[in-house]
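Undergrad: Give the three-dimensional model of this entry:
(chains A and B)
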Number of protein chains: 2
Amino acid sequence: MQLSSRITSMQESPIRKLVPYATKAKAEGKKVFHLNIGQPDIETPKSFMESIRNFDQKVIAYSFSEGLPELIEAMIDYYKKYDMHYEKDEIIITNGGSEALLFSVIATMDHGDEVLVPEPFYTNYNGFTSAVDVKVSPITTSAEDGFHLPNRETIEELIKPKTKAIMLSNPGNPTGVVYTKEEVEMLSSLAKEYNLFIIADEVYREFVYDGLEFTSFGNMKDIQDRVIIVDSVSKRYSACGARIGSVASKNKELIAQILKLAQGRLCVATLEQVGATALYKTDQSYFKNVNKEYDRRRNIMMEALNNMPGVFCKSPTGAFYVNAKLPVDDAEKFVTWLLQEFELDGDTVMLAPAEGFYSTPGLGKDEARIAYVLKEDDLKRAMEVLKAGLEHYPGKTV
Amino acid sequence: MQLSSRITSMQESPIRKLVPYATKAKAEGKKVFHLNIGQPDIETPKSFMESIRNFDQKVIAYSFSEGLPELIEAMIDYYKKYDMHYEKDEIIITNGGSEALLFSVIATMDHGDEVLVPEPFYTNYNGFTSAVDVKVSPITTSAEDGFHLPNRETIEELIKPKTKAIMLSNPGNPTGVVYTKEEVEMLSSLAKEYNLFIIADEVYREFVYDGLEFTSFGNMKDIQDRVIIVDSVSKRYSACGARIGSVASKNKELIAQILKLAQGRLCVATLEQVGATALYKTDQSYFKNVNKEYDRRRNIMMEALNNMPGVFCKSPTGAFYVNAKLPVDDAEKFVTWLLQEFELDGDTVMLAPAEGFYSTPGLGKDEARIAYVLKEDDLKRAMEVLKAGLEHYPGKTV
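TA: Here you go, the predicted model:
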């Protein structure tokens, strides 16, 4: 019984593959602080469950393949606040941002085509692409540069005849980078010159700190026929389990083609779309409070990390992650050890080893992604535990 | 801006592509009876909404990639009633049966591989496969044979080196065929001899009439390492909008590999899984009543169809569809005409033209799928309207 090579060669999620060790640690009575996954503890706005509880149709029927009209309308209004102007037939609701990415890749690339992705990148980019035989070509960035992009010429050299698109998250997961307006313009100009699509995963759009201004690829007016905006309610409204995402583009033909894929899976869950409609009507002041909360957490985390000898990272300016260099031989071994062997008065901590976020072999071996998604006290305690772990780890390098 | 050839060459859903005409007809004040889509009007068991209304966690968090443990447990118990015995690590919850089919195809077939599918087939089989560069090789069946399979030798001749699997729905959509135990055994023996997987879409398992016994591929004990069972709550519990499906197999390695795809899209909607858990605990007596209801509708429909000159179909024995030959030049033109030009006292009817259910060019042009998913009075009226439509259609052939 031979399975396909595309599935057997696909890497396991580095975020999720150590979960069994965490489960075992918990079973043994340890408390595990989860800094490995972007699962915020912020409350989902109450309007989500309220609107669902009020749903009173007797048959849970199929929704429209393109999504619930009310939800699409709510998203159109939401985008206007960012000077992004979409029409009804330019948005399709998807099963989370994940399906939006998969659809975008299928629609723009054939078997053997390549997509440029700044690395380290959201690991599932690798999964989506390898499942459909598209190759990731990495634009390497580093902790030393705060994960900002290399210059135009360096990227230009990576573009080959098979290169069809640039895919990236901005603000960045796992790096927390927020690309400058100049970077966004540079990539846009490359896309125009080399006839590439841009698949812009902007699910962390509201999570930008230090007073920085966020520039969306949706604001690059002269290349809107080649821009695909991927969004999701998961992080925006702390509703990861709703699985409501979307794909938006001013390229109507592209959206019409993606609709065929959407029709193939019939529709997205009806109730969750009802809930997401309520979420997208949330007042913008909600983001201000959430933003302040993450900013505080970020500062707590950075202060703690800066006090750990051998740990290196610049302060991230967006999303809720930092990708830190750790003074260890191998971050995956370190995290496994934290879960299996270590505890500080019954507590341990879980990070996401970063090697899986790179496609260039060897990179990221001593790095881990840390998500600052826990409330102040938990985060402080998690940092204490991490510090002690680094001191006791047999494979430490300082 | 060049889109991928796999997306541009993908056919539109024949079930959904005429929807804009229906929308227009309704806007003009016509009543449209929808016999084109398998959207039952049977009430979803109340336990679905009740369990969701009682959900009281403040954060709508990610679920497990493989699915909610309680739902998997409920499914294990459900399967036992059919003498199918799965363990926890042999089932993965998916976004509807659609994602289960897509995952199964990706996991068993590479670019350029082929899958045998009895035609006419559920049209989205074409969508899933072409999106990931797998080719459907049809096993042609006909209305005259009640859409039963040809003999072993005929199928054997279709198996080529690139053939990796047989995929089929049983009971059949769009045909309503229920394969006999002998047919299921014959395909199982071919799978064994030629080292093929069997992807068995059994979402209509409970919808079998005339006292026939249903044989699942899950009951073919000696080939369980090559059988993948696809299921869904959509039709079973009249919960199409819940989008909860599953893939099950005794081949643990296959399930472990599919889990990587599941991790790639993180998880299925949390609330819908809570609701589906309640559904799978529904007493089996529920099916008896629903079955009786569909049986009654089937008889009403068949009596009406038998009274329409030139219409041919054997009485289907499963699911809730019939694929009928109509006395028209082109079923798609006919349905378009029904929506655009025809009405009987303000009423019209919509069917699914069957050409898109065939992959052999030219087949099915004069056929349409009719779903008997409406309650008695509506179905009777829809049949009157269809009869009148056939009498008045300019392209009629009798």
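Undergrad: where does chain A dip in pLDDT?
TA: Counting by pLDDT under 70, not a single residue of chain A qualifies.
Undergrad: And the helices in the stretch 151-300 of chain A?
TA: A:152-156, A:181-193, A:233-236, A:252-264, A:270-280, A:285-306 (DSSP state H, counting those that start in this stretch).
Undergrad: What helices and strands are in contact with the fifth one?
TA: In terms of contact count using 3 or more Cβ pairs under 8 Å, 6 or more residues apart in numbering or on different chains; DSSP states H and E, helix A:270-280 is assigned the packing partners helix A:47-53, helix A:69-80, helix A:233-236, strand A:244-248, helix B:270-280. Every C-beta, even on glycine, is put in place using the N, C-alpha and C of the backbone.
Undergrad: If we use 6 Å, what do you get?
TA: Here helix A:270-280 touches helix A:47-53, helix A:69-80, going by 3 or more Cβ pairs under 6 Å, 6 or more residues apart in numbering or on different chains; DSSP states H and E.
Undergrad: do the same with the fourth one
TA: With contacts defined as 3+ Cβ pairs under 6 Å, 6+ apart, helix A:252-264 has these neighbours: helix A:96-108.
Undergrad: Let's see that with 7 Å instead.
TA: strand A:91-95, helix A:96-108, helix B:5-8, helix B:124-131 (3 or more Cβ pairs under 7 Å, 6 or more residues apart in numbering or on different chains; DSSP states H and E).
Undergrad: can you list the ones you listed in TSV and add mean neighbour count and distance to residue A:367?
TA: TSV is the format used below for those (neighbours: other Cβ atoms under 10 Å in any protein chain shown; distance: least, Cβ to Cβ, whole Å):
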stretch	mean neighbour count	distance to residue A:367
strand A:91-95	27	30
helix A:96-108	27	23
helix B:5-8	16	36
helix B:124-131	23	34
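Undergrad: Include mean neighbour count when you put the helices of the stretch 151-300 of chain A into JSON lines, please.
TA: What follows is those, written out as JSON lines (neighbours: other Cβ atoms under 10 Å in any protein chain shown):
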{"stretch": "helix A:152-156", "mean neighbour count": "12"}
{"stretch": "helix A:181-193", "mean neighbour count": "17"}
{"stretch": "helix A:233-236", "mean neighbour count": "26"}
{"stretch": "helix A:252-264", "mean neighbour count": "21"}
{"stretch": "helix A:270-280", "mean neighbour count": "25"}
{"stretch": "helix A:285-306", "mean neighbour count": "16"}
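Undergrad: could the ones you listed be laid out in TSV, adding distance to residue B:74?
TA: Formatted as TSV, the helices of the stretch 151-300 of chain A follow (distance: least, Cβ to Cβ, whole Å):
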stretch	distance to residue B:74
helix A:152-156	51
helix A:181-193	48
helix A:233-236	26
helix A:252-264	28
helix A:270-280	19
helix A:285-306	36
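Undergrad: Which one of those helices lies nearest to residue B:95?
TA: helix A:270-280 (10.9 Å; Cβ to Cβ).
Undergrad: hey, C-alpha coordinates of that closest one in CSV?
TA: This file holds the C-alpha atoms of helix A:270-280, laid out as CSV (Å, rounded to 0.1, in the frame of the first residue of the first chain):
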residue,chain,number,x,y,z
THR,A,270,-23.6,28.3,8.3
LEU,A,271,-23.6,29.1,12.0
GLU,A,272,-20.0,30.2,12.2
GLN,A,273,-20.7,32.6,9.3
VAL,A,274,-23.6,34.1,11.3
GLY,A,275,-21.2,34.5,14.3
ALA,A,276,-18.5,36.0,12.1
THR,A,277,-20.9,38.5,10.7
ALA,A,278,-21.5,39.8,14.2
LEU,A,279,-17.7,39.9,14.8
TYR,A,280,-17.0,42.0,11.7
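Undergrad: Verify the stated contact: residue A:298 with residue A:209.
TA: Yes: counting by Cβ atoms under 7 Å, residue A:298 touches residue A:209, with 6.4 Å between them.
Undergrad: hang on, the earlier thing: figure out which of the helices and strands packed on helix A:270-280 is closest to chain B.
TA: helix A:47-53 (5.0 Å; Cβ to the nearest Cβ).
Undergrad: now check the closest one, is it near chain B?
TA: Yes: for helix A:47-53 and chain B, the contact criterion (Cβ under 7 Å from any Cβ of the partner chain) is met by A:48, A:52, A:53.
Undergrad: same question, stretch A:99-108
TA: Yes: if you take Cβ under 7 Å from any Cβ as the test, stretch A:99-108 does meet chain B, through A:99, A:106, A:107, A:108.
Undergrad: Report the contact partners of the last one.
TA: With contacts taken as Cβ atoms under 7 Å, 6 or more residues apart in numbering or on different chains, residue A:108 has the following neighbours: A:164, A:165, A:197, B:3, B:4.
Undergrad: Residue A:347: which of these is nearest?
TA: Distance ranking of these against residue A:347, using Cβ to Cβ, places residue A:165 first at 43.4 Å.
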